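I would like to see how this sequence folds:
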Amino acid sequence: MLIDHSWTEILKRREQYRLEAFAKFDFNIVASMDENDVMAVSSNKDLLLTESRVRCIIDNAKCIQRVSKEFGSFSGYLWGNVNNKPMVNKYKYQRSVPLRSPKAEAISRDLVRRGFRLVGPVIVYTFMQAAGMAVDHLVDCFRFAECVRMAHRSSWGLTTNNIIPAEL
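Numbers count the residues shown, from 1 in each chain. Prediction:
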């Protein structure tokens, strides 16, 4: 979604995407969408999704199914890439926060190898930030200390049953 839209536009339409287009982000249901579903979603002008984007989302949902089968869950796969702990960065200035990281580049390459599309390192890093895998709050941000405490807690409660939304 980030290729075509800003976070503001995505978040504005999130509930529409979730409820009207992508079955509450259940990747198993999305993976089984057929041609009629593709046409229905892509013809909904409120969603601003092209046919090719809808097909890509469905294909990525199929890839999530395969990864989930191999790793127990897509969440387990992703968090396994960061040893099940968020990467805590300590930036003082917004200009210091990177658009990508070596870890995001490695995950991106692996996702592409597994058949995912439109998952470049910038998109992957943005996802990592949104999912809490990379803590990039500035050190003087009022949320920084709380995020660091959460990142350092001993039990993340990660299980093979955790699901990350199919918004990737």
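
hmm, who's touching the lengthiest helix in the chain?
The single longest helix within the chain, with elements called by DSSP state H, is helix 51-71. Residues outside helix 51-71 that contact it (CB atoms under 8 Å, 6 or more residues apart in numbering): 1, 4, 21-22, 27-28, 30-31, 33, 38-39, 41-42, 49, 74, 77, 80, 111, 114-119, 160, 166, 168. Heads up, the C-betas are built off the backbone N, CA and C, glycines and all.

in the very next helix or strand once past that helix, what's buried?
Reading on from helix 51-71 to the C-terminus, the next helix or strand found by DSSP states H and E is helix 74-80. Across helix 74-80, burial judged by 16 or more other CB atoms under 10 Å covers 74-79.

and if you look at stretch 8-22?
For stretch 8-22, by 16+ other CB under 10 Å, it's 13, 17-18, 21-22.

pLDDT below threshold where in the protein?
2, 154-168 (pLDDT under 70).

where do the helices sit along it?
Under DSSP H, the chain gives helices at 7-16, 27-31, 35-43, 51-71, 74-80, 102-113, 121-130, 144-152.

need the contact partners of the third one.
When contacts are taken as CB under 8 Å, 6+ apart, the neighbours of helix 35-43 outside the stretch itself are 20-22, 33, 47, 49-51, 53-55, 58.

gap between the two ends of stretch 121-141?
25 Å (CA to CA, to the nearest Å).

next one: stretch 45-59
22 Å.

then stretch 18-26?
End-to-end distance (CA to CA), stretch 18-26: 9 Å.

against E15, how distant is H137?
Applying CB to CB, to the nearest Å, the value for H137 to E15 is 26 Å.

same question, V148
As for V148, its distance to E15 is 31 Å (criterion: CB to CB).
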